[in-house]
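dropping the sequence and predicted coords here.
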Amino acid sequence: FTKTAGPVAFPSLTGRRAMAGFLYTRNEPAPWVRVVPAAVKVPEAQIIPTVVDPRFPTRQVVLYPDTSAVEGTASAEALPESTPVTATLSSWQAGEMTVALAGSDTRPTYLLVAENWAPGWEAVVDGTPAATHRANHALLSVVVPAGAREIQLRYVTPGYATGKIITIVSLLGALALIGLGMRGTRRETVDA
């Protein structure tokens with residue numbers, strides 16, 4: 001980061017001068033997707049304080065809650081060398097993205113996407129369905145098997161298909177009741 005402006009005092013709503021502020025410009029674009037060589041499971045309460053620490057090695061490790069089902073996690077004592085695998089966001093649209101992977105590593109690695117994780121995210125790694133995980137407290141992550149070349153991510157609203165079926169069945173039931181009511185009214189007028 002390069003300091004662009006500051007210190008600058010801003011007026012506050014109470015009429016007092018607010019604390020000084022600074023504006024920094026990022027020297028290189030923030031990585032939307034990245035592959036890291038290691039994962040560590042830690043207690044949930046330790047994740048946020050760890051990832052906001054400026055000393056946290058963001059390019060070497062991803063943190064998962066100790067309750068997650070992620071396999072192949074390491075201990076926090078010895079971090080491995082960085083991975084030669086790089087990730088590039090090759091296509092993106094709302095709720096869908098494709099990540100191209102270049103390079104190879106003999107060990108499993110971990111894709112970290114700057115996207116909020118939610119239960120509806122689905123992943124396909126080289127044509128094979130894969131699990132998505134919540135990493136670094138709120139980000140989307142996928143375990144990348146050795147030799148993988150492409151990861152497709154798609155968000156499907158949980159319960160949408162069930163809700164759609166319930167809506168259609170309810171609509172058909174309502175139409176059937178209206179039809180039966182109209183049929184009963186027609187019989188009464190014919191009989192009269």
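Yep, that arrived.

remind me, longest helix of this protein?
helix 160-191 (DSSP state H).

tell me the mean pLDDT for it?
Average pLDDT, helix 160-191: 77.

one more: stretch 137-157?
For stretch 137-157, the per-residue pLDDT averages 94.

if we can go back for a sec, any idea how far the longest helix of the chain is from the middle of the chain?
42 Å (C-alpha atoms, centre = their mean, to the nearest Å).

counting neighbours, which bits of that helix end up buried?
By neighbour count on 16 or more other C-beta atoms under 10 Å, the buried set for helix 160-191 is empty. C-beta: built from backbone N, CA, C; applies to glycine.

same check, this time on stretch 131-141
Those would be T132, H133, R134, A135, N136, L139, L140, S141, for stretch 131-141 by 16+ other C-beta under 10 Å.

which of the residues you listed fall within helices?
Per DSSP H, the buried residues of stretch 131-141 never map to helices.

rebuild those residues as TSV, extending it with distance to K41.
Below are these laid out as TSV (distance: C-beta to C-beta, whole Å):
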residue	distance to K41
T132	16
H133	11
R134	12
A135	11
N136	12
L139	15
L140	17
S141	12
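
which two of those have the greatest separation?
Farthest-apart pair in the buried residues of stretch 131-141 is T132 and N136; separation 13.6 Å (C-beta to C-beta).

hey, where'd the strands end up in the chain?
2-11, 17-25, 33-36, 38-42, 61-65, 86-93, 96-102, 109-116, 121-125, 128-130, 132-135, 139-144, 150-155 (DSSP state E).

can I get those strands in JSON lines with distance to L180?
Shown next, in JSON lines, are these (distance: least, C-beta to C-beta, whole Å):
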{"stretch": "strand 2-11", "distance to L180": "68"}
{"stretch": "strand 17-25", "distance to L180": "68"}
{"stretch": "strand 33-36", "distance to L180": "56"}
{"stretch": "strand 38-42", "distance to L180": "59"}
{"stretch": "strand 61-65", "distance to L180": "53"}
{"stretch": "strand 86-93", "distance to L180": "45"}
{"stretch": "strand 96-102", "distance to L180": "44"}
{"stretch": "strand 109-116", "distance to L180": "47"}
{"stretch": "strand 121-125", "distance to L180": "42"}
{"stretch": "strand 128-130", "distance to L180": "45"}
{"stretch": "strand 132-135", "distance to L180": "47"}
{"stretch": "strand 139-144", "distance to L180": "49"}
{"stretch": "strand 150-155", "distance to L180": "41"}
